[in-house]
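**Q** My questions concern the predicted model and sequence given below.
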Amino acid sequence: MFSKDDEIVKEIRFDTFTPGGPGGQHANRTSSAVRAVHVPTGISAVARERRSQLRNRELALERLIAKLKARRRPARPRIATSIPSQARVKRRQLKEHQSRIKEMRKKVSEI
């Protein structure tokens with residue numbers, strides 16, 4: 001049934017439940033929705049689109065494997081960018097403004 005990554009399939013727990021939403025009597029009385037949970041990581045994927053529990057199980061497994069592969073992919077390094085000159089000017093003006101506000105908070109020395 002599942003030929004995709006048999007090692008991963010051994011670590012997955014499948015839960016079935018009744019799907020909510022539209023679908024009428026069929027959706028309300030059958031447990032066709034499937035949640036696939038990768039036990040070591042706790043990552044889960046849900047499929048409830050199809051009427052067949054078997055098809056939903058396959059969809060949930062595909063989604064879970066895609067999530068696990070995306071997690072395994074290394075993040076791209078961030079490329080630092082320089083601050084634009086206008087942003088520097090605006091930042092400096094804001095600091096000067098805050099400085100003036102704080103100066104005004106000081107008590108006036110008595111003469």
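**A** All right, it came through fine. Bear in mind that the values here come from a model prediction, so they are computed numbers and not experimental data.

**Q** Would you map the strands across this protein?
**A** Ranges of strands in the chain, per DSSP state E, are 12-17, 33-38, 43-47.

**Q** Could you look over those strands and pick the most buried one?
**A** strand 33-38 (a mean of 21; mean count of other C-beta atoms under 10 Å). The C-beta positions use only the backbone N, C-alpha and C, and glycine is treated the same way.

**Q** low-confidence ranges in the protein?
**A** Per-residue confidence for the chain (pLDDT under 70) gives these ranges: 1-5, 23, 110-111.

**Q** same thing but 90
**A** Applying pLDDT under 90 to the chain picks out residues 1-10, 18-32, 49-52, 69, 72-73, 75-76, 104-111.

**Q** the helices in the protein, which residues?
**A** Remark: helices assigned in the chain by DSSP state H are 6-10, 24-29, 53-72, 85-105.

**Q** out of those, nearest to Ser44?
**A** Ser44 sits nearest to helix 53-72 of all the helices of the chain, at 7.2 Å, using C-beta to C-beta.

**Q** any idea of the angle the closest one forms with strand 33-38?
**A** 30 degrees (axes from the mean of the first three to the mean of the last three C-alpha atoms, to 10 degrees).

**Q** which outside residues touch helix 53-72?
**A** By C-beta atoms under 8 Å, 6 or more residues apart in numbering, the residues outside helix 53-72 that reach it are 2, 4-5, 8-9, 12, 14, 16, 30-38, 41, 43-50.
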